[in-house]
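**Student:** build me a structure from this.
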Amino acid sequence: MNIAVYCGSSMGNDPAFAEAAREVGAMIGERGDRLIYGGSRAGLMGLVADAVLENGGHVTGVEPRFFLEAGYVHEGIDETIPTETMNERKAKMLELQDACIAIPGGSGTLDEISEAVVMAGLDDEPKPCILYNKKHFYDLLEKFYDQMVENEFLSGHNRGLISFCQEIGEIEAILNTLKR
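**Tutor:** Numbers count the residues shown, from 1 in each chain. Prediction:
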């Protein structure tokens, strides 16, 4: 299974965020799945890729050429797919993924998971969108999605495609419901 992970290219200010990256990476690796991610060696992105590799999984990075040329690429991964733009990167990641997980990150992470959520709502066979709500990082976003439903800007069905998980076991349980 191809699992996209969206997360920060920095570490953030709480060790729990690094723990989340390592937990998600270890889970993907132990399952023998493939990580699809932004391709960087920096921050949480590098940690999740390393954890996948250390636990027997496979890693594909999708990285714009300007990041490759700047030297951000993770040299130890199985495959790097270059793109010309960030929009092409997002499109390629969406194309490759069977499910996606967001761990803590900044505006880029929010942009990527938001696009995945939109596409899940439009797809005949929606791909799960999971937000690892470690240390309640995504609490306000969860409330915002609920407010969208209350104000009839988002259907209850589409809201049901978005899962906010406090524990790694919850994430794995969702992934276990998918066809392999």
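**Student:** check contacts around the residue nearest to residue 88 when sequence neighbours are not counted.
**Tutor:** In space, and not counting its chain neighbours, residue 88 is closest to residue 64: 7.4 Å by Cβ to Cβ, 6 or more residues apart in numbering. No exception for glycine: its C-beta is placed from N, CA and C like everyone else's. Contacts of residue 64 were listed using Cβ atoms under 8 Å, 6 or more residues apart in numbering, and they are 82-86, 88-89.
**Student:** need the max-distance pair from those.
**Tutor:** Farthest pair in the contacts of residue 64 (Cβ to Cβ) is 82 and 86. Separation: 12.4 Å.
**Student:** got the contacts of residue 64 as TSV, with neighbour count, pLDDT and secondary structure columns?
**Tutor:** Converted to TSV, these look like this (neighbours: other Cβ atoms under 10 Å; pLDDT from 0 to 100; DSSP: H, G, I helix; E, B strand; the rest coil):
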residue	neighbour count	pLDDT	secondary structure
82	17	96	strand
83	20	96	strand
84	10	96	coil
85	11	95	coil
86	16	93	helix
88	15	97	helix
89	21	95	helix
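**Student:** can you add distance to residue 46 and give the residues you listed back as JSON lines?
**Tutor:** Below are the contacts of residue 64 laid out as JSON lines (distance: Cβ to Cβ, whole Å):
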{"residue": "82", "distance to residue 46": "18"}
{"residue": "83", "distance to residue 46": "19"}
{"residue": "84", "distance to residue 46": "23"}
{"residue": "85", "distance to residue 46": "22"}
{"residue": "86", "distance to residue 46": "19"}
{"residue": "88", "distance to residue 46": "22"}
{"residue": "89", "distance to residue 46": "17"}
